[in-house]
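1. I need the structure of the sequence given here:
(3 chains)
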Amino acid sequence: MPELPDVELFRRIFEEHGLGRPVAGVEVADPRILEDVEPHRFIAELTGDRFRATRRHGKNLFAARAKGGHLHMHFGMTGALEWFADEPPPYTRVLWRFREPPHLAYVNVRMLGGVGLVDDIEAFLAERRIGPDALDPALDFEAFSAALGSGRRPVKAALVDQGVVAGIGNVYADEILFQAGLRPEVPVSALDEDWRRRLFAAMREVLAEAVRRGAAAERFTERLPETWLTRVRGPGAACPRCGTPLATVKMSARTGYYCPRCQVDPRREEAAG
DNA sequence: CGTTATGTTCGATG
DNA sequence: GCATCGAACATAAC
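-> Purely as a prediction, here's the structure:
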């Protein structure tokens, strides 16, 4: 689930329930989720601390600590941040209790992802070669196009590369390409400036609209516009625009869906309207 | 039982 | 050396 719009929702949950409140207790239900920190140190560091601000960069969520440094969370494919009053949700791996409810739970079925402590966010992002956040206002078209590069890899592979732009995963990459009218396997080298502008605009619109609608959690697709691929995305589905059965393409063990009629290959066809 | 799942990393390949 | 590909990781559901 967690791509940029989902993590943005988690950020808002943390912002609403986790800021300014003394941390009364920290529980690590499964130490495997911790990044480069022992459970006892993680617990000792955060107990009694307070969080003063949140920041999201791509799929990464940070919470600034009053004592200095930041809490870091990545949600992998199945992670989420939830608040709870009584019982922690199933698959809670780490939780933070305050003096009274609501408390916060980092939930993650598959354990892909992690929770840790980082001193310097910029250094953290640089080490991991994470590019600019896809919704960063400072990311203009020129920078986006330069980051896309001119290699031969498929445009979808470039979109989900966190080093190009941070925050896009399999589902939103499919949606962005659908809205741009572009096929996923087209090499970036085949994209002229018009196509790049179309792609950039689609990226901003799709992500911003998904954030606006608070699309996350189960059945999140129901909150998205009816004209979106994500509403129907799956085996046997038809294009929400023209009814053509969707085609699939495998890329790095991930299934992509696209409309073979609405989405074109610029090398072979005229741009669709 | 095999397949698939919204991510990232690391080693292999071209 | 660089760009790109594919397996591995952990767990549940169909």
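
2. Tell me, how many residues neighbour the closest residue to A:Ala190 other than its chain neighbours?
-> Take A:Ala190 and drop its neighbours on the chain: the residue closest to it by C-beta to C-beta, 6 or more residues apart in numbering is A:Arg267, 5.0 Å away. (Each C-beta comes from the backbone N, C-alpha and C, glycine too.) A:Arg267: 11 surrounding residues under other C-beta atoms under 10 Å.

3. Same question for A:Leu224.
-> Look at A:Leu224: counted by other C-beta under 10 Å, it has 18 neighbours.

4. ok, it touching A:Thr230?
-> Yes: using C-beta atoms under 8 Å, A:Leu224 is in contact with A:Thr230, at 5.3 Å.

5. what is in contact with the two at once?
-> Counting by C-beta atoms under 8 Å, 6 or more residues apart in numbering, A:Leu224 and A:Thr230 have no common neighbour.

6. I'd like the secondary structure assignment at the residue in chain A that DNA strand C sits nearest to, please.
-> In chain A, the residue that lies nearest DNA strand C is A:Gly151 (2.5 Å; C-beta to the nearest atom of the strand). In three-state terms, and counting by DSSP: H, G, I helix; E, B strand; the rest coil, A:Gly151 is coil.

7. ok, A:Asp36 - contacts?
-> Listed by C-beta under 8 Å, 6+ apart, the contact set of A:Asp36 reads A:Gly116.

8. What separation is there between A:Leu224 and DNA strand B?
-> Distance from A:Leu224 to DNA strand B, counting by C-beta to the nearest atom of the strand, to the nearest Å: 12 Å.

9. could you measure that residue against A:Val232, distance?
-> In this view, A:Leu224 and A:Val232 are 10 Å apart by C-beta to C-beta, to the nearest Å.
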